[in-house]
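K.L.:
Quick check, what structure comes out for this input:
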Amino acid sequence: MRIAIAGATGNIGARTAAALGDEGHDVVPISRSLGVDLLTGEGLDAALHGVDAVIDAISSPPVGPDETREYFATTTTNLLDSEQRAGVNHHVLLSIVGIHRIHGGTAHYVGKREQERLVEAGPVPWTIVPATQFHDFAAMAASWTEQDGVALIAPLLVQPIAPDDIAHVLAEVALGAPRGRYVDVAGPETQDLVDMARRTHVVLHRSVTLIPTWSGPLGQELAGNVLLPSDGARIAPTTFEQWLAAGAK
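P.N.:
Here you go, the predicted model:
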């Protein structure tokens, strides 16, 4: 199959492209650095010519909620419109477990909810794949507030998934028929975000004092089971410990 990947140079996009390429599929990378601009639509129609499915794994720049919503609205609309013109018959969106059940969260969550809304109402048959936080999320969340070796981090419960595992799920889903909202996809074990960040920092040889608090970017509306997978979730195999043992990559 010929499959385009939006965000192909990013963490998950690059892994998904590699997974599909290893299986012999024709991968079309969509990225501004490769001459295709989702914000303006430049190069998009040419890139999607003859494409069977599109995987959207883009992220957003670190801006506020309104700007993030607008960013995802523009890129998603441009992508869906171009897919319709090209006759693409499957749009696969990587999303986040639990965000459609709340109204708060980070600016990124605000933008992802807008993405989901547009895909669900859009002209291209779709599958939304809700995934839990990736194994590298804890250290990234700590980095948002780190200053002088001290970082604020929320005491969240998460059930993190290895980046390679979600990449393989996205590749598999793209090769099949549209499924609507896919089951939640998660790693095998529930973890505490603070402990995850601490252990990741040890592997990366970083010394950061972590202060558990709800006053940072991740608020108390995410407490409890909000970000944990629902019953019937698809459980990926790689544990957080295995990911750490492999060098936190």
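
K.L.:
Could you look up the SS state of residue 243?
P.N.:
The three-state label for residue 243, taken from DSSP: H, G, I helix; E, B strand; the rest coil, comes out as helix.

K.L.:
Return the distance of the spatially most distant residue from the centre of the chain relative to residue 207.
P.N.:
The centre of the chain is farthest from one residue, residue 148, which by Cα atoms, centre = their mean lies 29.0 Å away. Taking Cβ to Cβ, to the nearest Å as the measure, residue 148 falls 11 Å from residue 207. (Glycine included, C-beta is placed from N, CA and C.)

K.L.:
repeat for residue 246
P.N.:
22 Å.

K.L.:
How about residue 118?
P.N.:
43 Å.

K.L.:
How about residue 19?
P.N.:
35 Å.

K.L.:
what do you get for residue 221?
P.N.:
Distance from residue 221 to residue 207, by Cβ to Cβ: 31 Å.

K.L.:
Settle it for me: which of those two has more neighbours?
P.N.:
residue 221 (13 against 7; other Cβ atoms under 10 Å).

K.L.:
Doesn't the more buried one belong to a helix?
P.N.:
Yes - judged by three-state DSSP, residue 221 forms part of a helix.

K.L.:
wait, isn't it in contact with residue 104?
P.N.:
Yes - checked against Cβ atoms under 8 Å, the pair residue 221 and residue 104 is within contact range at 3.8 Å.

K.L.:
Contacts only, for the residue lying closest to residue 48 once chain neighbours are set aside.
P.N.:
Nearest residue to residue 48, sequence neighbours excluded (Cβ to Cβ, 6 or more residues apart in numbering): residue 86, at 4.0 Å. Residues in contact with residue 86 (Cβ atoms under 8 Å, 6 or more residues apart in numbering) are 45, 48, 49, 50, 51.

K.L.:
For residue 10, see how far away residue 86 is.
P.N.:
22 Å.

K.L.:
can you check residue 43 too?
P.N.:
Applying Cβ to Cβ to residue 43 and residue 10 gives a distance of 18 Å.

K.L.:
Can you tell me what sits against stretch 167-175?
P.N.:
With contact meaning Cβ under 8 Å, 6+ apart, stretch 167-175 is reached by 1, 3, 12, 15-16, 18-20, 23, 25, 53, 55, 57, 90, 92, 94, 127, 129, 131, 179, 182, 185, 234, 236.

K.L.:
Now which of those residues would you call buried?
P.N.:
For the contacts of stretch 167-175, a burial check counting by 16 or more other Cβ atoms under 10 Å picks out 3, 12, 15-16, 19-20, 25, 53, 55, 57, 90, 92, 94, 127, 129, 131, 182, 185, 236.

K.L.:
if you look at those, which of them are in helices?
P.N.:
When DSSP state H defines the helices, the subset of the buried ones among the contacts of stretch 167-175 inside them is 12, 15, 16, 19, 20.

K.L.:
quick one: which of these is nearest to residue 110?
P.N.:
residue 12 (19.7 Å; Cβ to Cβ).

K.L.:
my guess is that closest one contacts residue 162, does it?
P.N.:
No - the criterion here is Cβ under 8 Å, and residue 12 misses it with residue 162 at 10.8 Å.
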